[in-house]
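**Q** I would like to see how this sequence folds:
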Amino acid sequence: MSHIDVFHDPHKTYFGFWTYLMTDCILFSILFATYIVLKDGTFGGPTSKDLFDLPFALTETLLLLASSFTSGLAMLDALKGNTKGMFAWFALTFLLGASFLGMELTEFSRFVHEGNSWERSAFLSAFFTLVATHGFHITMGLIWMVVLLVPVFLHGLNGEYIKRLTCFRMFWHFLDVVWIFIFTVVYLTGTIL
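**A** Below you'll find the model as predicted:
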């Protein structure tokens, strides 16, 4: 198998993408700060201990972490020029990411069905805003993954596609890091403390 040549000065692209990720980091930092300030503002409604199911959130976390691992394996195959392996690993990444998103939507639906929507209290407004923003990023990541893989399927791998896939992988790993913070700050401390 031939190795793909990725040394065609992708540094500006990677620097620009890191800059974008840092702006997203600022956005999530603001949402975390808002959540922390408003988490006790239940207005007589349910608290995090009443709502959150820790094993459910842990399952979500494991799905997303597994998707990060499979995206890394996909990139290893891409760098080796193994498109068949790359597509298989990205298909699994997509499936894991979509399963995570499905679980998140199920949780939202359950909360709303029980009368605990974002309108009920400041706590729930902050929760829905933070977690749904992450979910929106996951949705955009899944769409982006498909959009990136179609040209690779049609034209094969080259350095430009490797650069794009690398940016995607950085984005996907970033979402994992954000989710680890959400799991810790929102779900873990919300059910234990």
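
**Q** quick check: Ser121 vs Leu58, distance?
**A** Distance, Ser121 to Leu58, using CB to CB, to the nearest Å: 25 Å. Using the backbone N, CA and C atoms, a C-beta is placed for each residue, glycine as well.

**Q** wait, Ser68
**A** Distance from Ser68 to Leu58, by CB to CB: 16 Å.

**Q** looking at those two, which one has more neighbours?
**A** Set Ser68 next to Leu58 and count neighbours by other CB atoms under 10 Å: Ser68 wins out with 19 against 13.

**Q** list the buried ones in the longest helix seen in the chain?
**A** Longest helix in the chain, counting residues (DSSP state H): helix 122-155. Judged by neighbour count (16 or more other CB atoms under 10 Å), helix 122-155 contains these buried residues: 122-128, 130-135, 137-139, 141-142, 144-145, 149, 152.

**Q** which other helices and strands contact the helix or strand of the chain with the lowest mean pLDDT?
**A** For the chain, counting by mean pLDDT, DSSP states H and E, helix 189-192 ranks last in confidence among helices and strands (a mean of 92). For helix 189-192, the packing partners by 3 or more CB pairs under 8 Å, 6 or more residues apart in numbering; DSSP states H and E come out as helix 48-51.

**Q** quick check: mean pLDDT of the helix it packs on?
**A** The average pLDDT for helix 48-51 rounds to 95.

**Q** how far out from the middle of the chain is whatever helix or strand comes next after that helix?
**A** For helix 48-51, the following helix or strand on the C-terminal side (DSSP states H and E) is helix 54-80. Distance, stretch centre to chain centre, for helix 54-80: 10 Å (CA atoms, centre = their mean, to the nearest Å).

**Q** need the next SSE after the longest helix of the chain, C-terminal direction.
**A** Later in the chain than helix 122-155, the nearest helix or strand by DSSP H and E is helix 159-182.

**Q** what packs against that next one?
**A** In terms of contacts (3+ CB pairs under 8 Å, 6+ apart), helix 159-182 is packed against helix 11-38, helix 54-80, helix 122-155.
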